[in-house]
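Peer 1: build the 3D model from these lines:
(one chain, ligands or ions: 1)
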Amino acid sequence: MTTPVAARNQIGAEPPLVASGLVRRYRRSDALAVSGVDLTIEAGEIVTLLGPNGAGKTTTVKMCSGLLMPTAGSVRVSGRDPYRRSARAMADIGLVLGGDGGFYKRATATANLLYFADLAGVPARERHDRAREVLADVGLTDRAGSKVNELSRGMVQRLHIARGLLARPRLLLLDEPTNGLDPEHAQMVRRLVRSLSRRGVGILLTTHYLTEAEELSDRLIVLRAGRVRAEGHVADLARAGGLSHVTTFALPPGDPLAATAAQRAGVDAVVDVQTFHGKDHVRLQWRTVAPSPESLATLEEARARALDYTERPPTLEENYLALVAEQPGVTS
Ligand SMILES: Nc1ncnc2c1ncn2[C@@H]1O[C@H](COP(=O)(O)OP(=O)(O)OP(=O)(O)O)[C@@H](O)[C@H]1O
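Peer 2: As a prediction, the model looks like this:
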């Protein structure tokens with residue numbers, strides 16, 4: 001069967017991104033920031049890099065963009081080496097790093113975009129239309145004439161995204177694109193990402209928002225300490241995280257069943273007890289589908305008298321946290 005991504009990919013020859021064996025060592029650092037990452041993005045595919053602070057996500061994004069030379073490994077964007085910096089290769093890449101810098105603050109949003117359109121090789125007769133188009137894409141049409149230093153942080157973040165779209169790239173690299181955006185504009189950016197993907201743009205994004213990752217991604221890659229810890233769809237991460245299911249229930253504060261559950265189920269499950277809204281909330285994340293008789297007896301008691309007893313599959317966040325936890329014996 002032909003998948004939608006495969007169908008879209010038949011149109012273009014080379015995938016938007018093929019990165020092989022990426023390694024990066026920063027100067028004055030012994031540890032490798034990124035160590036042996038392979039990454040292919042097909043046309044129209046949305047791939048999300050997840051990982052704790054310092055895992056190597058931004059470093060990977062920068063290496064894929066032609067901005068940061070890999071210590072080892074290779075990058076091809078639509079079959080071209082971005083480090084040769086040909087105009088064609090650069091026009092295929094939209095890089096959005098966000099942050100406070102990157103614009104002439106006393107110039108208007110439009111003036112900045114016209115300048116960056118020139119740099120991105122947009123034909124002179126198309127620059128104004130293109131600037132208007134990308135401002136509309138990110139909902140900044142009414143701020144086109146505002147100076148950048150008059151824009152809020154969230155607006156500047158959206159202007160970064162607009163800048164990344166100017167050349168209509170085949171590969172869009174978005175480093176935490178919704179960071180600092182209000183919910184309405186974060187949703188607008190997610191809608192934009194989906195619509196770009198439908199137009200065949202390959203998208204690599206990083207985020208710390210797991211619901212965003214789950215909602216947007218065709219594929220997730222979890223990095224830890226510069227290496228790929230797990231890769232695949234949400235269900236694949238569930239398997240890699242080693243959690244089978246989750247039981248939750250609530251008890252009146254101080255009910256001894258919370259301590260009993262922690263003690264008895266601790267062998268089979270990750271146990272978490274938190275007190276809020278006047279109750280002890282117990283969460284048991286099972287690492288086995290066959291809990292011990294002691295665990296089962298505790299569950300039986302909880303089912304009989306605890307409040308809000310539920311059994312459910314683990315969320316992406318629970319799987320992710322299990323994956324990135326520093327567990328002795330887990331190889332990365
Ligand atoms: N310019 C630099 N010089 C030296 N070390 C760096 C530099 N940039 C990043 N590092 C180091 O490389 C590692 C990976 O950093 P990177 O910014 O890629 O992580 P990240 O996953 O994007 O983190 P975050 O979620 O905090 O944005 C970290 O240990 C970081 O300290």
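Peer 1: show me where this protein has its helices.
Peer 2: Using DSSP state H, the helices of the chain run over 4-9, 57-65, 87-91, 109-119, 127-137, 153-165, 183-198, 210-216, 234-241, 256-265, 293-305, 316-324.
Peer 1: low-confidence ranges in the protein?
Peer 2: 1-12, 326-332 (pLDDT under 70).
Peer 1: could you chop it up by domain?
Peer 2: Structural domains assigned to the chain are 5-239, 244-313, following automatic domain parsing.
Peer 1: list the beta-bridge partners for Leu46.
Peer 2: To be clear, residue 46 is Ile; Leu isn't right here. For Ile46, the beta-bridge partners under DSSP bridges are Ile203.
Peer 1: pretty sure it contacts Leu216?
Peer 2: Yes: between Ile46 and Leu216 there is a contact under CB atoms under 8 Å: 5.3 Å. For the C-beta atoms, the positions are set from N, CA and C on the backbone; glycine is no exception.
Peer 1: joint contacts of these two?
Peer 2: Contact with both Ile46 and Leu216 is made by residues 193-194, 205, according to CB atoms under 8 Å, 6 or more residues apart in numbering.
Peer 1: would you format those as TSV with distance to Ser35 and neighbour count included?
Peer 2: Below are these laid out as TSV (distance: CB to CB, whole Å; neighbours: other CB atoms under 10 Å):
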residue	distance to Ser35	neighbour count
Val193	28	23
Arg194	32	14
Leu205	21	26
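Peer 1: near the ligand, which residues of this protein?
Peer 2: With CB under 6 Å from any ligand atom as the criterion, the chain meets the ligand at residues 26, 29, 33, 51, 53-59.
Peer 1: quick one, what contacts Leu172?
Peer 2: Leu172 touches 94, 96, 164-165, 193, 196, 201-204, counting by CB under 8 Å, 6+ apart.
Peer 1: repeat that with 6 Å
Peer 2: Leu172 is in contact with 94, 201, 203, counting by CB atoms under 6 Å, 6 or more residues apart in numbering.
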